[in-house]
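Asker: Here you go, sequence then predicted model.
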2 protein chains.
Amino acid sequence: MPATTASPRAWRTVLERIESDLLEGRLRPGERLPSERDLATELGVGRSSVREALRVLEVMGLIRTAAGSGPQAGAIVVATPDGGMSTLLRLQVAAQGFPLADVVQTRIVLEDAVVARLSADADRDLDAVHALLAAMGADQLPAADFLALDAGLHYALAEASGNTVICAMMAGLRTAIESYVRAGADRIEDWDAMATRLRAEHHAIVDAIEAGDTAAARALVRTHITDYYTAAGLVPAEH
Amino acid sequence: MPATTASPRAWRTVLERIESDLLEGRLRPGERLPSERDLATELGVGRSSVREALRVLEVMGLIRTAAGSGPQAGAIVVATPDGGMSTLLRLQVAAQGFPLADVVQTRIVLEDAVVARLSADADRDLDAVHALLAAMGADQLPAADFLALDAGLHYALAEASGNTVICAMMAGLRTAIESYVRAGADRIEDWDAMATRLRAEHHAIVDAIEAGDTAAARALVRTHITDYYTAAGLVPAEH
DNA sequence: AATATGCTGTGGTCAGACCACAGGAGGACG
DNA sequence: CGTCCTCCTGTGGTCTGACCACAGCATATT
């Protein structure tokens, strides 16, 4: 008798209800969801089923939960796509649903589009990019720190392109292969030389973007990524 | 007491455990997870916490659960990225985390890459694409059916490109805006004319791919998508 | 007026209890 | 001996009730 139609899954009922509330505008970003207990009684399901649905929404980056009282407590709608995308891609890579090569290739596709768009857009704002370029110029930077800044740089480029979806996907793809990238850095014999080369390539890419040279920017970013992953032994050899 | 380090989240413990099992190869696709009760006792958490973690994995498309007994029962690792990506993108769009325009633009970027790759690849296999093209040639096809076949066609192209990540993302992007696309179809005055035009564009794209004309294929797919979304009133007007 | 106190409601977690289901083990029967 | 049937077991799915820690608010106290 709990089944409304043909779905014996109580938690799915909750998920669909919240999704429809979101879709119809009854629930907007920043607003609070009803308490778990209220949702349970209102939907005629147990509190545990409500919690399972909320957990999914939390991991997907749709809500933020906090205990206690007051306006900041409870489940609040916050659309933060990055976290959810990162978790999904990371897990899929771990479960071998996504081959590493496909992830790298997709990253190239997206970053290619990012630099193409940026180089064609006169109103671009690359302040964050330049700041990261400067930070990466520091000497004696440990590989881990360099890689973190590198991730930030590529993310900043995506952010500058203004497309939130591409931005989230880039962040997710990066996170998904983060552990492999770190391991790959250890395989590189002369890290200082690699760092110097990466710095130069970064500058060349940004220069090409600011010069409006789309073709050059695309080609540079392509080899930049491909060469590094090949050197790190993450991808056998491009077709 | 239950906190091992500094994490008061029991369900996250479960999630991390399974992810590490996946990463270390202790858990491979097709294999079964321990039963919920076993996992609970083994990790020292309650069964409900285990269930919350499993629910997340299920929605993300990592596991498939089935009650009963035998080798097919329980939670089995199945890396099916499409479902998880679709759910994530759909929810993010619903929660206004992803503007519709960004979704459409990202779809163009990915599909652009797909046709570019296909047109450059001599070993492409477009049998599924041709089958869908033929199916879409039927007369008096309702708009809903036509759109379903259209989705299948674009997905088949992505599939032919061989990149599972792009494939999953394409499917997810499509699902995310599916309801809007359906609503947009109603806004088109002369649907038959639109269908005829879409059919012609599809054939032109496939022809360009098979002719190895990358530039033409890219341009065609770009206008194909842009024009339709503009006609359906989903995107105001490309920059 | 400023501070201290307890109350209330929140999410977080656990334990236990059912249910429906699918498969296997064993016996009953031909 | 082979076939069928029944019961038993273990699974996920769900609900209920019970605690806990926490944050804010109202109240009492100073």
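Answerer: Received it, and whenever you're ready, just let me know what you need.
Asker: can you map out the strands along chain A?
Answerer: Remark: strands assigned in chain A by DSSP state E are A:63-66, A:74-77.
Asker: Make CSV from these and add mean pLDDT and distance to DNA strand D to it.
Answerer: Where C-beta positions appear, they are placed from N, C-alpha and C, glycine not excepted. Below are the strands of chain A laid out as CSV (pLDDT from 0 to 100; distance: least, C-beta to the nearest atom of the strand, whole Å):
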stretch, mean pLDDT, distance to DNA strand D
strand A:63-66, 97, 7
strand A:74-77, 97, 11
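Asker: Now mean neighbour count and distance to B:Gly25 too, for the ones you listed, in TSV please.
Answerer: Formatted as TSV, the strands of chain A follow (neighbours: other C-beta atoms under 10 Å in any protein chain shown; distance: least, C-beta to C-beta, whole Å):
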stretch	mean neighbour count	distance to B:Gly25
strand A:63-66	16	33
strand A:74-77	19	36
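Asker: residue contacts, the most centrally placed residue in chain A?
Answerer: Nearest residue to the geometric centre of chain A (C-alpha atoms, centre = their mean): A:Ala171, 2.5 Å. By C-beta atoms under 8 Å, 6 or more residues apart in numbering or on different chains, the residues touching A:Ala171 are A:82, A:85-86, A:155, A:158.
Asker: Which neighbouring elements make contact with the helix or strand of chain A with the lowest mean pLDDT?
Answerer: Within chain A, confidence by mean pLDDT, DSSP states H and E is lowest for helix A:178-187 among all helices and strands, at a mean of 91. Judged by 3 or more C-beta pairs under 8 Å, 6 or more residues apart in numbering or on different chains; DSSP states H and E, helix A:178-187 is in contact with helix A:143-161.
Asker: Tell me which other helices or strands the helix it packs on touches.
Answerer: helix A:100-120, helix A:127-135, helix A:164-176, helix A:178-187, helix A:191-210.
Asker: if I pick the residue lying closest to A:Cys167 once chain neighbours are set aside, what's in contact with it?
Answerer: Spatial nearest neighbour of A:Cys167, chain neighbours left out: A:Ala158 (4.6 Å); criterion: C-beta to C-beta, 6 or more residues apart in numbering or on different chains. Going by C-beta under 8 Å, 6+ apart, A:Ala158 touches A:110-111, A:114, A:166-167, A:170-171.
Asker: domain assignment for chain A?
Answerer: With automatic domain parsing as the criterion, the domains of chain A are listed as A:10-80, A:98-231.
Asker: where in chain A is pLDDT low?
Answerer: Low-confidence segments of chain A (pLDDT under 70): A:1-7, A:237-239.
Asker: how about a cut-off of 80?
Answerer: By pLDDT under 80, the low-scoring segments of chain A are A:1-8, A:236-239.
Asker: Near DNA strand D, which residues of it? Just list them.
Answerer: Contact residues (C-beta under 7 Å from any atom of the strand) of chain A with DNA strand D: A:2, A:8-12, A:40, A:44-49, A:52, A:66-73.
Asker: among the residues you listed, which ones are buried?
Answerer: Neighbour counting over those (16 or more other C-beta atoms under 10 Å in any protein chain shown) leaves A:9-12, A:40, A:45, A:49, A:52 as the buried ones.
Asker: For B:Asp186, state which of those is nearest.
Answerer: Of all these, A:Arg12 has the smallest distance to B:Asp186: 28.0 Å, by C-beta to C-beta.
Asker: who's in contact with the residue lying closest to the closest one once chain neighbours are set aside?
Answerer: In space, and not counting its chain neighbours, A:Arg12 is closest to A:Ala53: 7.6 Å by C-beta to C-beta, 6+ apart. A:Ala53 is in contact with A:11-12, A:14-15, A:18, B:55, counting by C-beta under 8 Å, 6+ apart.
Asker: which of those sit farthest apart?
Answerer: Across the contacts of A:Ala53, the longest distance by C-beta to C-beta is 14.1 Å; it joins A:Ile18 and B:Arg55.
Asker: more crowded one of these two?
Answerer: A:Ile18 (28 against 25; other C-beta atoms under 10 Å in any protein chain shown).
Asker: Correct me if wrong: that one contacts A:Leu27.
Answerer: Yes. Applying C-beta atoms under 8 Å as the test, A:Ile18 and A:Leu27 come out as touching, 6.9 Å apart.
Asker: what is in contact with the two at once?
Answerer: Joint contacts of A:Ile18 and A:Leu27 (C-beta under 8 Å, 6+ apart) are A:Leu33.
Asker: distance of A:Arg174 from A:Ala113?
Answerer: Here A:Arg174 is placed at a distance of 16 Å from A:Ala113 (C-beta to C-beta, to the nearest Å).
Asker: cool, A:Met136 as well?
Answerer: Going from A:Met136 to A:Ala113 by C-beta to C-beta gives 23 Å.
Asker: More neighbours: which of the two?
Answerer: The residue with more neighbours, out of A:Met136 and A:Ala113, is A:Ala113; 23 against 20, by other C-beta under 10 Å.
Asker: which residues touch the spatially closest residue to the more buried one that is not a sequence neighbour?
Answerer: Closest residue in space to A:Ala113, ignoring its immediate chain neighbours: B:Val109 at 4.2 Å, by C-beta to C-beta, 6+ apart. Listed by C-beta under 8 Å, 6+ apart, the contact partners of B:Val109 are A:109-110, A:113, A:166.
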